[in-house]
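1. the following comprises the amino acid sequence and a computationally predicted model.
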Amino acid sequence: MRGLLATLAPHPALRATLSRKRERGRMGHDEMPAHPPDVLLSMAPPDSQYEESAVAESAEKVEEPPLFKVLLHNDDFTTMEFVVWVLESVFGMPEQAAIQIMLNVHVKGVGVAGVYTYEIAEMKVSRTTELAREQEYPLLCTMERA
């Protein structure tokens, strides 16, 4: 019975009221008060000082985080297929976009794999380098401010 009261009446004041009424036999099993006085007070509209501060906060301009380009650099040993696979798996590119970037890396010496916030760019560089080392490729992946 005690567990049922805790489930039906999570508010401590309501739980105590229900327990007293049940002990006296004044309340049936399916009868619940609409709202105890304590709960009604907690449902009062918020104080106006808090509403003003919320409006003031939303009026402030939030600065965008700086973005970083993730760059892949050409070398004579990393295969084109591996570069395409990295672009698809790490950077989530479709095959045609990955092939185009791989060709930019091959022809121009460097290609932009993506533009991200610092933490994401750092993670992509780290994961690309890790995968290249696992396959014993010297692929160089760096990042610079966009």
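-> Cool, the structure landed.
2. C-terminal to the lengthiest helix in the chain, what's the next element?
-> If you go by DSSP state H, the chain has its longest helix at helix 118-134. Scanning forward in sequence from helix 118-134 by DSSP states H and E, the next helix or strand is strand 140-145.
3. tell me what that following strand is packed against?
-> The helices and strands touching strand 140-145, judged by 3 or more Cβ pairs under 8 Å, 6 or more residues apart in numbering; DSSP states H and E, are strand 67-73, helix 118-134. Bear in mind the C-beta positions are built from the backbone N, C-alpha and C, glycine included.
4. what mean pLDDT does that strand get?
-> When pLDDT is averaged along strand 140-145, the result is 97.
5. stretch 73-81 too?
-> 96.
6. what about this protein, any weak spots by pLDDT?
-> 1-58 (pLDDT under 70).
7. can you give me the helices in it?
-> All helices of the chain, identified by DSSP H, fall at 2-8, 12-24, 37-42, 48-59, 80-89, 95-108, 118-134.
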